[in-house]
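>>> here is the input, now give the coordinates:
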Amino acid sequence: MNPPDLISIARHLAIGGAGGGRGRPRQTDLCRAVSASYYAMFHALARCGADTLAGATRASRNQQAWEQTYRALEHGHAKNQCRNRAVMSRFSPAIRDFGKQFVIMQRLRHYADYAPVTRFYRTRVIQYIDETERIIAQFNVAPAGDRRAFAIHALFRLRRD
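The predicted structure follows:
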């Protein structure tokens, strides 16, 4: 999955493009836009983990190891790790911002996907999309060592035995 494509889809849905671009977007479109924005973050983090741990190019990696690493990211665990203030405070602002937005967007995605009475408004959904896009862009240019450490933090459980 390509995070910029997911952001583009989210924006298209939020402006009412799925309904032919006429009038207000349907609630279903706004919910799907929120969900796509979250998944842009999720896949940006999954790709970061796979690229930094298994290799960023096909020539430099074992494809099976890359896919296994990519698929290892778990939604709930990643969210909990992003909420760990003690660890997150050690990262650069770009990584901390990503973690905060990840938690926010995951919560909103749960409302969008599972709460049938939730209502979203176009203006606010577009703000979510814009903020998510900005934060992913900052994350992608954060120092490689910070992204690697954050990906490891998001992927793996800390064992204390």
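>>> which strand or helix spans the residue nearest the centre of the chain?
The C-alpha lying nearest the average C-alpha coordinate of the chain belongs to residue 41 (CA atoms, centre = their mean; 1.2 Å). Assigned by DSSP states H and E, residue 41 belongs to helix 27-54.
>>> same question for residue 157.
Using DSSP H and E, no helix or strand contains residue 157.
>>> can you check residue 153 too?
helix 144-155.
>>> just the residues contacting that helix, thanks.
45, 48-49, 52-53, 69, 72-73, 77-78, 81-82, 84, 87, 91-92, 94-95, 98-99, 139 (CB atoms under 8 Å, 6 or more residues apart in numbering). Where C-beta positions appear, they are placed from N, C-alpha and C, glycine not excepted.
>>> select only the buried ones of the residues you listed in ChimeraX?
To isolate the buried ones among the contacts of helix 144-155 in ChimeraX, judged by 16 or more other CB atoms under 10 Å, type:
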select :45,48,49,52,53,69,73,78,81,82,91,92,94,95,98,99,139
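>>> and the helix holding residue 41, how far out from the chain middle?
Mean-position distance between helix 27-54 and its chain equals 4 Å (CA atoms, centre = their mean, to the nearest Å).
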